[in-house]
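[1] requesting a structural model of the entry that follows:
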Amino acid sequence: MNSFHTFSFADYHDQKHMGFRALRVINEDRVAPGQGFGKHGHRDMEIISYPLSGALAHQDSTGGGGVIRHGDVQRMSAGTGVTHSEFNGSKEEPVHFLQIWLVPNKRGITPRYDDRHFSELDAAGPLRLIAAPDGEGDSLSIQADAKVYAGQLNEGQSETVKLAKGHAAWVHVARGSVEVSGQKLSAGDAIAIEDEAEVSVKGLSGGDKGEVLLFDLG
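    Below is the predicted model of the structure:
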């Protein structure tokens with residue numbers, strides 16, 4: 001098992017890196033076949049799992065669960081409390097995924113689980129809204145002041161997302177290379193953007209398509 005934490009998490013703690021706006025956690029995990037995270041609990045957090053490769057198996061106390069792969073996105077609202085486990089769903093291949101936590105705008109809600117396949121994520125194309133309050137744009141519904149976009153960009157392809165008034169953006173590069181606000185970013189890099197009405201992301205050369213997650217955050 002190999003994990004990288006964008007913000008303070010578990011044994012990694014830095015008071016200067018406790019999150020950004022409503023975004024609390026981005027963990028990049030690689031899990032070998034037969035390995036995973038055993039049953040553990042959370043409460044009052046919106047949790048999104050975003051597979052990059054391999055198969056991720058999930059089970060939780062709401063009765064939700066299944067195996068998700070790239071193109072699938074999973075949302076779990078921990079609310080009043082939920083226990084869950086996540087394991088590599090393959091006996092042969094590693095699984096590589098991002099786990100994202102968003103601070104909810106309402107505490108003590110009933111725990112919920114949902115997952116959905118977004119076919120647009122399987123190939124290069126416009127950034128797709130994958131999670132938003134009230135499930136805007138046929139996305140997963142989250143209880144947070146945030147919208148989450150994702151997608152892959154070919155070399156030279158550019159996408160622009162308009163931000164809600166008073167919001168800021170966080171762009172996380174899942175793989176490949178992109179340019180954001182004139183800066184080149186590679187897999188694992190991220191950038192925070194404030195005091196801007198919109199954010200443009202451009203795909204660069206370098207092998208893999210530039211796959212990004214863009215957060216519009218209150």
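
[2] list the beta-bridge partners for the nearest residue to residue 125 once chain neighbours are set aside.
    In this structure, residue 125 finds its nearest non-sequential neighbour in residue 151, 6.2 Å apart by C-beta to C-beta, 6 or more residues apart in numbering. Every C-beta, even on glycine, is put in place using the N, C-alpha and C of the backbone. For residue 151, the beta-bridge partners are residue 212 (DSSP bridges).

[3] give me the distance between residue 151 and residue 111.
    Distance of residue 151 to residue 111, computed by C-beta to C-beta, to the nearest Å: 29 Å.

[4] is the residue nearest to residue 125 in contact with residue 128, as I believe?
    Yes: if you go by C-beta atoms under 8 Å, residue 151 and residue 128 touch, sitting 5.4 Å apart.

[5] more neighbours: which of these two?
    residue 151 (25 against 19; other C-beta atoms under 10 Å).

[6] residues touching the residue nearest to residue 208 when sequence neighbours are not counted, list them.
    Once flanking residues are discounted, residue 208 sits nearest to residue 176: 3.9 Å by C-beta to C-beta, 6+ apart. Neighbouring residues of residue 176 by C-beta atoms under 8 Å, 6 or more residues apart in numbering: 152-153, 186-187, 203-204, 206-211.

[7] tell me, how many residues neighbour residue 190?
    Residue 190 is flanked by 18 other residues according to other C-beta under 10 Å.

[8] for the one 3 residues further on, same thing?
    Using other C-beta under 10 Å, the number of residues around residue 193 comes to 17.

[9] next: residue 22.
    Counted with other C-beta under 10 Å, the neighbours of residue 22 add up to 22.

[10] name the helix or strand for residue 4, please.
    Residue 4 belongs to strand 2-5 when assigned by DSSP states H and E.

[11] partners of the most centrally placed residue in the chain in the sheet?
    Geometric centre of the chain, nearest residue: residue 100, 4.7 Å, by C-alpha atoms, centre = their mean. Using DSSP bridges, the beta-bridge partners of residue 100 come out as residue 26, residue 48.

[12] pretty sure it contacts residue 29?
    No: contact criterion C-beta under 8 Å: residue 100 and residue 29 do not qualify, at 11.4 Å.

[13] mind splitting the protein into its structural domains?
    As given by automatic domain parsing, the domain ranges for the chain are 2-118, 121-217.

[14] now render the ones you listed as JSON lines, adding mean pLDDT.
    Below are the domains of the chain laid out as JSON lines (pLDDT from 0 to 100):
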{"stretch": "domain 2-118", "mean pLDDT": "93"}
{"stretch": "domain 121-217", "mean pLDDT": "95"}
